[in-house]
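Undergrad: Need a 3D model of the following:
(one chain, ligands or ions: 1)
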Amino acid sequence: MEGRNAKAHAVLLSSPGLGHLIPVLELGKRLVTVNNFKVTIFVVSSLTAAAESQVLQSSMSPELCEVIRLPPANISDLVDADAAVVTRIAVLMREIRPALSSAISALKYPPTVLIVDLFGTESLGFADDFKIPKFVFIPSHAWFLALTIYLPRLDEVVKGEYVDEKEALFIPGCRPVQPEDVVDPMMCRSDQQYAEYVHMGMNILMADGILVSTWEELEPETLAALRDNKLLGRISKVPIYPVGPMIRPIGAVDHSSKKLLFDWLDKQPSVSVLFVSFGSGGMLSNEQMRELAWGLELSRQRFIWVVRTPAVKSGDGSFFSVGSGSSNDKLSFLPEGFLGRTQNLGLVVSDWAPQVEILSHPSVGGFFSHCGWNSTLESIMNGVPMIAWPLYAEQKLNATMLAEGLRIAVRSKILPSKGIVGREEIKMLVRKIMVDDEGRAMRARVKELKLSAERAWTRNGSSWKALAQAMC
Ligand SMILES: O=c1ccn([C@@H]2O[C@H](COP(=O)(O)OP(=O)(O)O[C@H]3O[C@H](CO)[C@@H](O)[C@H](O)[C@H]3O)[C@@H](O)[C@H]2O)c(=O)[nH]1
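TA: Predicted coordinates for the structure are as follows:
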């Protein structure tokens, strides 16, 4: 409860990856400002160290929480070099437990509550040592949470591969999940990442409560199902607290190095620029990158494109990498003459851009996105409709929710992870969102969602109250 106990001390644990770190930092800040807690955040470092340091530095100024970086454990003997991302993060989070335990014990002020993200559930037991409440924070939506906690049941009833199922996967009280939309770890049941994910689905339920980066008005049916003892509530049992959207506020990152970009944006007409970016790790194949470049050029719409070195397709069909080549490598994958022909139309940015600040600029009118949940929330919070281009993790679920549920996104006929989407279709998607009536209707809908998200975080709004209740 606000101001209730100035000595309450929340300890948070963030797993590697900016998609986890950014919302965990925001949760930490809210615990200070809403609940008047002291907050310590343990961060498990990842390979995207440069971007991570920037986010850590800028998000915590003025300093509200203490941030302690745990050294990454060496897991090279424990996982294969080509192990899936979920396996790598799960094993890493298991291995850092001794360091985390010592670090918690060494804290000057003993913790009074422990909050871990979905990859940190094996550390929930530390809360029992201190006899304090424990929570899991899901930096994604309630539908994803529903699938994750229902997975141990699906594991018993579905016999073959989920992707081969003829019918959509039934989840009590929720929108069914199409077999082709399952999250990456469900793509192959013999892969270690599947076992890790099932395990996660069970472990989440050991918490005293689950915090989710969604809000009541965004997913009313799913949240109702999660609380209904005749539906998913039978499985979840613990209280669910929708505390979202938990996103980085505008201006938290210093973007003086991108002055050119913002000077350019300032000169463009209102809602005329498409922002193209695939999160902190999303990449396209060489061929898809060329088709995207052609599609953008043919659409004759203004754009800012964050370009990364094309990826090699991984075993599970997704494109994911946290490495990057030099800027010149990246640009050499673009069609010959692309930069010259589009110089009055668009900007190409290498590797990383201040996304929240770009999306909040009045000239931006569309977001071509991999649908990471933070990117999705940032788009909603800035009233920007999307072209949904899911690549890995739970992004196919997100894309379906955006395109078919909320109707604030358009998407390609085939999934981008299943084949190459051609330039003509990309041109059509861009024009739909930026020029056509369909795009205008989506912009109106996304603005309504923006208002509903803002309401959730006003004083006594649903998310504000949920966080206060969870921590009282
Ligand atoms: O150039 C960039 C790229 C990213 N970001 C920020 O980085 C975050 C990226 O988060 P998200 O959009 O969620 O993407 P991922 O980093 O890919 O997130 C992972 O974690 C999310 C939360 O669980 C999942 O929804 C995603 O599918 C999963 O890939 C967002 O805040 C972006 O604003 C930037 O500021 N600049």
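Undergrad: Just the element for Ile235, please.
TA: Under the criterion of DSSP states H and E, Ile235 resides in helix 233-236.
Undergrad: Quick check: residues of the stretch 251-400 of the chain near the ligand?
TA: The interface of the stretch 251-400 of the chain toward the ligand, taken as CB under 6 Å from any ligand atom, is made up of 277, 279-282, 306, 352-356, 372-375, 378, 393-395. Placement of C-beta: from N, CA and C, glycine included.
Undergrad: by contact count, what packs against the biggest helix by length in the chain?
TA: Identified as the longest helix of the chain according to DSSP state H is helix 437-456. Judged by 3 or more CB pairs under 8 Å, 6 or more residues apart in numbering; DSSP states H and E, the packing partners of helix 437-456 are strand 364-369, helix 373-381, strand 409-411, helix 423-434, helix 462-470.
Undergrad: the inter-axis angle of that helix versus helix 462-470?
TA: For the pair helix 437-456 and helix 462-470, the angle between their directions (axes from the mean of the first three to the mean of the last three CA atoms, to 10 degrees) equals 40 degrees.
Undergrad: Which positions within helix 437-456 qualify as buried?
TA: Gly439, Met442, Arg443, Arg445, Val446, Lys447, Leu449, Lys450, Ser452, Ala453, Ala456 (16 or more other CB atoms under 10 Å).
Undergrad: hang on, the fifth one packs against Gly383?
TA: Right, the one you point to is Val446. Yes - if you go by CB atoms under 8 Å, Val446 and Gly383 touch, sitting 5.4 Å apart.
Undergrad: how much space is there between the residue nearest to Val364 when sequence neighbours are not counted and Gly365?
TA: In space, not counting the residues next to it along the chain, Val364 is nearest to Val273; the distance is 5.0 Å by CB to CB, 6 or more residues apart in numbering. When CB to CB, to the nearest Å is the yardstick, Val273 and Gly365 sit 6 Å from each other.
Undergrad: Equivalent analysis for Arg30, please.
TA: If you measure Arg30 against Gly365 using CB to CB, the figure is 30 Å.
Undergrad: Likewise for Ile235?
TA: 41 Å.
Undergrad: Sketch out the low-pLDDT regions of the stretch 351-472 of the chain for me.
TA: Of all residues in the stretch 351-472 of the chain, none has pLDDT under 70.
Undergrad: Taking it, what residue is nearest to the ligand?
TA: Closest approach of the stretch 351-472 of the chain to the ligand (CB to the nearest ligand atom) occurs at Gly372, with a separation of 2.3 Å.
Undergrad: For that residue, give me phi and psi.
TA: Note on Gly372: backbone dihedrals following degrees, to the nearest 10 are phi -50, psi 150.
Undergrad: Leaving out sequence neighbours, find the closest residue to it.
TA: Nearest in space to Gly372, with sequence neighbours left out and distances taken as CB to CB, 6+ apart, is Gly279 at 4.1 Å.
Undergrad: quick one, what contacts that neighbour?
TA: Residues in contact with Gly279, defined by CB atoms under 8 Å, 6 or more residues apart in numbering, are Leu18, Gly19, Ser369, His370, Gly372, Asn374, Ser375.
Undergrad: now Glu52
TA: Residues in contact with Glu52 (CB under 8 Å, 6+ apart) are Leu18, Leu21, Val43, Ser45, Ser46.
Undergrad: Identify, from the residues you listed, the entry nearest to the ligand.
TA: Compare each of the contacts of Glu52 with the ligand using CB to the nearest ligand atom and the shortest gap goes to Leu18, at 4.3 Å.
Undergrad: name the element the nearest residue to the closest one once chain neighbours are set aside belongs to?
TA: Among residues not flanking Leu18 along the chain, Ser280 sits closest, at 4.1 Å (CB to CB, 6+ apart). For Ser280, there is no enclosing helix or strand under DSSP H and E.
Undergrad: ok, Ser280 - how many residues close by?
TA: Applying the criterion other CB atoms under 10 Å, we find 23 residues in the vicinity of Ser280.
Undergrad: quick one: it and Gly17 touch, right?
TA: Yes - under the criterion of CB under 8 Å, Ser280 lies in contact with Gly17, with a separation of 6.6 Å.
Undergrad: quick one: the strands in this structure?
TA: Listed in chain order, the strands of the chain (DSSP state E) span 9-14, 38-44, 66-70, 113-117, 134-138, 209-212, 240-242, 273-277, 302-307, 346-350, 364-369, 386-388, 409-411.
Undergrad: So for Asn229, which of those sits nearest?
TA: Distances from Asn229 to each of the strands of the chain were compared using CB to CB; the shortest belongs to strand 240-242, at 12.7 Å.
Undergrad: That closest one - contacts with which helices or strands?
TA: Packed against strand 240-242 by the contact rule (3+ CB pairs under 8 Å, 6+ apart) you find helix 142-157, strand 209-212, helix 220-227, helix 462-470.
Undergrad: Mean neighbour count added to the ones you listed, as CSV?
TA: Output for the helices and strands packed on strand 240-242, formatted as CSV (neighbours: other CB atoms under 10 Å):
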stretch, mean neighbour count
helix 142-157, 21
strand 209-212, 24
helix 220-227, 20
helix 462-470, 20
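Undergrad: Make TSV from these and add distance to Val183 to it.
TA: Compiled in TSV, the helices and strands packed on strand 240-242 are given as follows (distance: least, CB to CB, whole Å):
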stretch	distance to Val183
helix 142-157	7
strand 209-212	16
helix 220-227	16
helix 462-470	24
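Undergrad: Of all these, which one comes closest to the ligand?
TA: Across those (criterion: CB to the nearest ligand atom), the nearest stretch is helix 142-157, sitting at 7.8 Å.
Undergrad: Would you mind pulling the contact partners of that closest one?
TA: Outside helix 142-157, the residues that touch it by CB under 8 Å, 6+ apart are 118, 138, 162, 169, 171-172, 174-175, 177, 182-183, 186, 197-198, 200-202, 204-205, 210, 212, 214, 219, 222-223, 225-226, 232, 235-236, 240, 242, 373, 394, 397-398, 401.
Undergrad: Find the centremost residue of this structure, please.
TA: Most central in the chain under CA atoms, centre = their mean is Trp373, positioned 3.3 Å from the mean C-alpha point.
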